[in-house]
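Asks: Quick one, structure for this:
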Amino acid sequence: MIPTHDPDLSPTDHYLYLAPIRGVTDALFRNTFYRHFDGIDSAIAPFINPQRKALFSEKMLSDILPQNNTIKPVIPQLLHTSPEDFLTLAKRIADLGFTHINWNLGCPAPMVTRKKRGSGLLPYPDEIISFLDRVIPELTIKLSLKTRLGFTDKNELLQLLPLLNDFPLKEIIVHTRLGNQLYRGKTDPKSFGTCRKISKHTLVYNGDINSRTDFISLADQFPEVNRWMIGRGILMNPFLAEEIKGLPEESGAKRRERLYSFHKDLYNGYDEKLSGPGHLLGRMKQFWLYFISAFPGKEKAIKKIKKSTSTDQYIDSVKQIFNS
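Replies: This next block holds a predicted model:
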């Protein structure tokens, strides 16, 4: 059974999404995280690779299958730009019991954008509108969009948003960078404010919410906004959602104990799931690129983890971080 939790919120409530980060926030990570930390309300899954397969096997859809997501709600994300392929997969997802899917118009990865997918489609508003004109009348589930301010120019989104006003979208998630910025440089909250003025849809803020201070500053700027998406900030500080929700603070020792337990369960989960130590180490090294920020002053220790060529070396490097 798919968990559903999307209540009508009062202006003082805040709904927090876990952002999709490819290669990191898969179902195993999400479930492990939920068992150790609170505050996240639901997640958008990393996008499903476009495939010309009518049935989409369970292996291809394993990350979103209901039996693999029993703790918190998950929203499948599609990257397709072919209306027919999009509708085929959307129907398959609806048959699984989902009521909400997300269309990715924000991915900045060059291998995606050069195919005019993700944020690479934002310079072509007519193609986006033509796609939605074809898709929405046949959808049986709600559709949201995840986007950026543009690919090379923030005016791209400003021109697109008024064209979207007549479509029955659930919401639009706006990462406040350009696609060609990737994840570099500053976000642009001011442009998010402009987007809110010209869009009739519910907008979700996304981009560099890395601390409770960041969140409070943005919440003060946008008091009417109560839906937020956090990605790297959660990976760097797994307690961030709890801090934002005002859950009771714990001692440093207790927090470190929880981090250790979380890492142990995550490592063991991937050890069981992945084939061979090479895949395991690759996945955990990717995770530590963010997780090392949970250990201020230990940033140099990531070098030992990166250089680990065996699980014994990896475990020894991790122990040094936790025991110091």
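Asks: what's stretch 193-206 in contact with?
Replies: Stretch 193-206 is contacted from outside by 17, 19, 146, 149, 157-158, 161-162, 164-165, 169-176, 189, 192, 218, 221-222, 224-225, 227-231, using CB atoms under 8 Å, 6 or more residues apart in numbering. Heads up, the C-betas are built off the backbone N, CA and C, glycines and all.
Asks: Convert it to PDB, retaining C-alpha atoms only.
Replies: C-alpha atoms of stretch 193-206 as PDB (Å, rounded to 0.1, in the frame of the first residue of the first chain):
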ATOM      1  CA  GLY A 193       9.500  35.900  -5.700                       C
ATOM      2  CA  THR A 194       9.000  37.200  -9.300                       C
ATOM      3  CA  CYS A 195       7.800  33.700 -10.300                       C
ATOM      4  CA  ARG A 196       5.200  33.700  -7.500                       C
ATOM      5  CA  LYS A 197       3.700  37.000  -8.800                       C
ATOM      6  CA  ILE A 198       3.100  35.700 -12.300                       C
ATOM      7  CA  SER A 199       2.100  32.000 -11.600                       C
ATOM      8  CA  LYS A 200      -1.300  31.000 -10.400                       C
ATOM      9  CA  HIS A 201       0.100  27.600  -9.300                       C
ATOM     10  CA  THR A 202       1.400  26.500  -5.900                       C
ATOM     11  CA  LEU A 203       5.200  27.000  -6.000                       C
ATOM     12  CA  VAL A 204       7.600  24.900  -4.000                       C
ATOM     13  CA  TYR A 205      11.000  26.400  -3.200                       C
ATOM     14  CA  ASN A 206      14.100  24.400  -3.900                       C
END
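Asks: Give the rounded mean pLDDT of it.
Replies: Averaged across stretch 193-206, pLDDT comes to 98.
Asks: how far is that stretch from where the chain is centred?
Replies: 19 Å (CA atoms, centre = their mean, to the nearest Å).
Asks: now stretch 258-269
Replies: The answer for stretch 258-269 is 21 Å, by CA atoms, centre = their mean.
Asks: Show the average pLDDT along it.
Replies: For stretch 258-269, the mean confidence score works out to 98.
Asks: CA atoms of it as PDB?
Replies: Output in PDB follows, covering the C-alpha atoms of stretch 258-269 (Å, rounded to 0.1, in the frame of the first residue of the first chain):
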ATOM      1  CA  ARG A 258      22.400   8.300  15.400                       C
ATOM      2  CA  LEU A 259      24.700   9.200  12.600                       C
ATOM      3  CA  TYR A 260      26.700   6.000  13.200                       C
ATOM      4  CA  SER A 261      23.700   3.800  13.300                       C
ATOM      5  CA  PHE A 262      22.400   5.400  10.100                       C
ATOM      6  CA  HIS A 263      25.600   4.800   8.300                       C
ATOM      7  CA  LYS A 264      25.900   1.300   9.500                       C
ATOM      8  CA  ASP A 265      22.400   0.400   8.300                       C
ATOM      9  CA  LEU A 266      23.000   2.100   5.000                       C
ATOM     10  CA  TYR A 267      26.300   0.300   4.400                       C
ATOM     11  CA  ASN A 268      24.800  -3.000   5.300                       C
ATOM     12  CA  GLY A 269      21.800  -2.400   3.100                       C
END
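Asks: Work out for me the element the closest residue to Phe192 other than its chain neighbours sits within.
Replies: Spatial nearest neighbour of Phe192, excluding adjacent residues (CB to CB, 6 or more residues apart in numbering): Thr176 at 5.1 Å. Assigned by DSSP states H and E, Thr176 belongs to strand 172-178.
Asks: any residues touching that strand, and which ones?
Replies: 17, 44, 102, 106, 108, 119, 144-154, 157, 161, 164, 183, 185, 187-189, 191-192, 195, 199, 201-208, 229.
Asks: cutoff 7 Å now
Replies: Outside of strand 172-178, the residues within contact range by CB atoms under 7 Å, 6 or more residues apart in numbering are 106, 144-152, 154, 185, 187-189, 191-192, 195, 199, 201, 203-207, 229.
Asks: what's downstream of it, the next helix or strand?
Replies: helix 189-198.
Asks: Tell me the first helix or strand C-terminal of that next one.
Replies: strand 203-206.
Asks: Pull up the pairing partners for that following strand, direction included.
Replies: strand 172-178 (parallel), strand 227-230 (parallel) (DSSP bridges).
Asks: what's the angle between the very next helix or strand once past it and helix 189-198?
Replies: Tracing the chain past strand 203-206, the next element assigned as helix or strand by DSSP H and E is helix 212-221. Put simply, helix 212-221 runs at 40 degrees to helix 189-198, going by axes from the mean of the first three to the mean of the last three CA atoms, to 10 degrees.
Asks: any idea of the mean pLDDT for helix 212-221?
Replies: Mean predicted confidence for helix 212-221 is 97.
Asks: Pull out the buried residues from that helix.
Replies: Arg212, Asp214, Phe215, Leu218, Ala219 (16 or more other CB atoms under 10 Å).
Asks: before we move on, back to that, gap between the strand holding Thr176 and the chain center?
Replies: 12 Å.
Asks: same thing with stretch 57-73?
Replies: 16 Å.
Asks: Same question for that stretch: list its buried residues.
Replies: For stretch 57-73, using 16+ other CB under 10 Å, the buried residues are Leu61, Asp63, Ile64, Asn68, Asn69, Lys72, Pro73.
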